[in-house]
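In: the sequence and its predicted three-dimensional model are supplied below.
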Amino acid sequence: MAEDAVAAMEVDEPQQAAKLTAAVKGKGKMGVVSQQQLTGGPWVEKYRPASLADVAAHRDIIDTIDRLTGENRLPHLLLYGPPGTGKTSTILAVARKLYGSYYQNMILELNASDDRGIDVVRQQVQDFASTQSISFGPKVNVKLVILDEADAMTKEAQFSLRRIIEKYTKNTRFCLICNYVSKIIPALQSRCTRFRFPPLAAAHVTDRLRYIIQQENLDVTDSGLGAIVKLSNGDMRKALNILQSGQMASPHLTAEAVYLCTGNPMPKDIEQIAFWLLNESFSTSYQKISEMKTRKGLALFDVVRELQPFVFSIDMPPAVRIQLIDALADIEYRLAFGPNEKLQLGALLSAFTHARTTLVAAAQ
Ligand SMILES: Nc1ncnc2c1ncn2[C@@H]1O[C@H](COP(=O)(O)OP(=O)(O)OP(=O)(O)O)[C@@H](O)[C@H]1O
Ligand SMILES: [Mg+2]
């Protein structure tokens, strides 16, 4: 399958090359799927930015890359940052700008779904990089190797890439994309120009969602939009997925519908839970919280996560706050490994009961 992808690069007709390349499509790869074909598909692909101008936020990065591309001085790139911030979209837009409709022939895109051990880097990348650039289409002669999710590459593969990058610099540019830059060996980092894609600011997510709401003619209230932006936490992919699943579940999308469809606790539920934790006896709050969890289908993990900003915001002596945060962190850590939720709910109540006792003792 991987060899087919290389073969595709050598095929003259873009059509045929496209078919073959599409066969090795994985996450983040758009291949040749056109915008029209995606009308009924996931919005994350339908609304993937087609050009650099469409990429929301990261203006400094995009302008720099745009200028370098325009002047045909593209360096090797290392794009890193949390998921859904536009790294893959940016490099695909660069490829389109550089090569126009021939871009399928001029890029080799590999991601974690392809085999990327040491052999693949040696064979595939080397084969692609060492072939002459096709002279019929693009004016630009450098090819582009995109190594998406590069943090999942083995150290050996990364080491062998050092040499390959240097050897083929004349006609090939490499773009490494990853979430965790610390997993890329320093020698590779120093060969690339690094750009960090931070989580998107709420205003940018809001603007993009507004545009899609208008395009799709959706009925979303302001509070519904606010809830999506809050839950997405700067991850545009997550925002689009919530919007799409939310509007399928409820055509009139309110904040409540968003929280319900994503199974997240509403802010007012968290307030209520915090009230019980701070005022009711151990057994009463255990029973009430359990009942609410079952009725609304809440996960304790989400409750604990949402309680944390609450604990920061209410007034209490620093020593008590520290104790509580520490306990919440422990519970969240344990919950990540899937233990008994009932026991962890007990631990949550214990932490708050302990905090209350300390507060009462301090007041006396
Ligand atoms: N800056 C952005 N502007 C507009 N749309 C964006 C942006 N970032 C992400 N998106 C949307 O989210 C989808 C996923 O983005 P993309 O694949 O570029 O993320 P990524 O940064 O590569 O994430 P990952 O690290 O998970 O691979 C895109 O198809 C697009 O619809
Ligand atoms: Mg990506």
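Out: Structure's in. What do you need? Numbering: from 1, shown residues only. Ligands and ions are numbered 1, 2, ... in the order given.
In: which parts of the stretch 151-300 of the chain sit against ligand 1?
Out: Residues of the stretch 151-300 of the chain that fall close to ligand 1, judged by CB under 6 Å from any ligand atom: 179, 197, 200, 208, 236-237, 240. For glycine as for every other residue, the C-beta is placed from the backbone atoms N, C-alpha and C.
In: apply 8 Å and report the result again.
Out: Neighbours of ligand 1 within the stretch 151-300 of the chain, by CB under 8 Å from any ligand atom: 177-179, 197, 200, 204, 208, 235-237, 239-240.
In: state whether residue 241 and residue 47 are indeed in contact, as I suppose.
Out: No - checked against CB atoms under 8 Å, the pair residue 241 and residue 47 is beyond contact range at 11.3 Å.
In: looking at these two, which is more packed in?
Out: Neighbours were tallied for residue 241 and for residue 47 using other CB atoms under 10 Å; the higher tally belongs to residue 47 (22 against 18).
In: what helix or strand is the closest residue to that one other than its chain neighbours located in?
Out: Using CB to CB, 6 or more residues apart in numbering and skipping the chain neighbours, the partner closest in space to residue 47 is residue 212 (5.7 Å). Using DSSP states H and E, residue 212 maps to helix 202-215.
In: tell me the helix or strand right after that helix.
Out: Heading towards the C-terminus - elements assigned by DSSP H and E - helix 202-215 is followed by strand 219-220.
In: need the three-state assignment for the closest residue to ligand 2 within the stretch 1-150 of the chain.
Out: Distances from the stretch 1-150 of the chain to ligand 2, computed as CB to the ion, single out residue 88 as the nearest residue at 3.2 Å. The assignment at residue 88 comes out as helix when based on DSSP: H, G, I helix; E, B strand; the rest coil.
In: wait, it sits on residue 147?
Out: No - checked against CB under 8 Å, the pair residue 88 and residue 147 is beyond contact range at 11.2 Å.
In: need the overlap of contacts for the two.
Out: Shared contacts of residue 88 and residue 147, defined by CB atoms under 8 Å, 6 or more residues apart in numbering, comprise residue 177.
In: who's more crowded, the two?
Out: In terms of neighbours (other CB under 10 Å), residue 147 is the more surrounded of residue 88 and residue 147; the figures are 27 against 24.
In: what mean pLDDT would you report for the helix holding residue 212?
Out: Average pLDDT, helix 202-215: 95.
In: where's the residue nearest to residue 233 when sequence neighbours are not counted relative to residue 62, distance?
Out: Spatially, and ignoring its direct neighbours in sequence, residue 233 is nearest to residue 199 (6.4 Å; CB to CB, 6+ apart). Distance of residue 199 to residue 62, given as CB to CB, to the nearest Å: 16 Å.
In: run through the helices of the stretch 1-150 of the chain in chain order.
Out: Taking DSSP state H, counting those that start in this stretch, the helices of the stretch 1-150 of the chain run over residues 2-10, 14-22, 43-46, 59-70, 87-99, 103-106, 118-120, 126-130.
In: residue 187 belongs to a strand?
Out: No - using three-state DSSP, the secondary structure at residue 187 is helix, not a strand.
In: that one contacts residue 162, doesn't it?
Out: Yes - in this structure, residue 187 sits in contact with residue 162. The criterion is CB under 8 Å, and the distance is 5.2 Å.
In: the residue of the stretch 251-364 of the chain found nearest ligand 2 - how many residues pack around it?
Out: Residue nearest to ligand 2 within the stretch 251-364 of the chain: residue 262 (22.1 Å; CB to the ion). Using other CB under 10 Å, residue 262 has 18 other residues around it.
In: tell me the contacts of the residue positioned nearest the centre of the chain?
Out: With distances taken as CA atoms, centre = their mean, residue 83 lies nearest the centre of the chain, 1.7 Å away. Applying CB under 8 Å, 6+ apart to residue 83 gives the contacts 179, 235, 237-238.
In: okay, now the unreliable bits of the protein?
Out: For the chain, the stretches flagged by pLDDT under 70 are 1-40, 112-116, 132-140.
In: domains of it?
Out: Residue ranges for each domain of the chain read 2-196, 202-262, 267-363, as given by automatic domain parsing.
In: end to end, how far does the shortest one reach?
Out: In this case it means domain 202-262. The first residue of domain 202-262 is 19 Å away from its last residue (CA to CA, to the nearest Å).
In: hmm, residue 181 and residue 150 touching each other?
Out: No - using CB under 8 Å, residue 150 is not in contact with residue 181; the gap is 9.5 Å.
In: number of residues surrounding residue 160?
Out: Number of residues near residue 160 (other CB under 10 Å) recorded here: 20.
In: what's in contact with the helix or strand harbouring it?
Out: Following DSSP H and E, one finds residue 160 within helix 155-167. Contact with helix 155-167 is made by 76, 116-118, 120-122, 125-126, 129, 147, 150, 153, 174, 184-185, 187-188, 191, as judged by CB under 8 Å, 6+ apart.
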